[in-house]
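Asks: Next one to model:
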Amino acid sequence: MWTITRVSCCLALWLCAACAPEPEAAPSYLVGVWETTAEGYREQHMFIDEHRIGFGTSAVTANGYVITHIDESREGTRNLFVVSYQDADQAKFQLAFFYDPAGGGRITFKNQDHLTWTKKAATA
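Replies: Predicted structure coming up:
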């Protein structure tokens, strides 16, 4: 038999799950693995999938985060994206970058304009 405490706990869990924000979906042209040839970053990569963003040196050592919001705007002639994301402990982060669709896509972090990240070609 269900006690009032057990029912209350189940209702509280359901309410928390129902109020959790839905991950925001990244635009398809941002989805992929991004890499750079810049000194000091050659072994690094960034990945973006529909609902996550991550950084690392391989698929095994990448840290993945849930995308909570994506804001796209124009700054001068460039497309600026601000991706808000959070880790499993609900710590919040943001990454601001410019996106250029030329050559299959290029990303330049707003605070590191000397680095250009290009989308890794898909392998068959």
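
Asks: alpha carbons only for contacts and neighbour counts from here, please
Replies: Noted.

Asks: Dig out what the residue minimising distance to the centre of the chain forms beta bridges with.
Replies: Most central residue of the chain, judged by C-alpha distance to the mean C-alpha position with CA atoms, centre = their mean, is residue 53 at 2.6 Å. Counting by DSSP bridges, residue 53 is bridged to residue 48, residue 65.

Asks: mind listing what it touches?
Replies: Applying CA atoms under 8 Å, 6 or more residues apart in numbering, we find residue 53 in contact with 46-47, 64-67, 85.

Asks: cool, and residue 38?
Replies: Contacts of residue 38 by CA under 8 Å, 6+ apart are 115-116.

Asks: distance of it from residue 106?
Replies: The gap separating residue 38 from residue 106 is 13 Å, by CA to CA, to the nearest Å.

Asks: what does residue 83 give?
Replies: Distance from residue 83 to residue 106, by CA to CA: 16 Å.

Asks: Same check on residue 52?
Replies: Taking CA to CA, one finds residue 52 at 19 Å from residue 106.

Asks: Ok, residue 46 next?
Replies: On the measure of CA to CA, residue 46 and residue 106 end up 12 Å apart.
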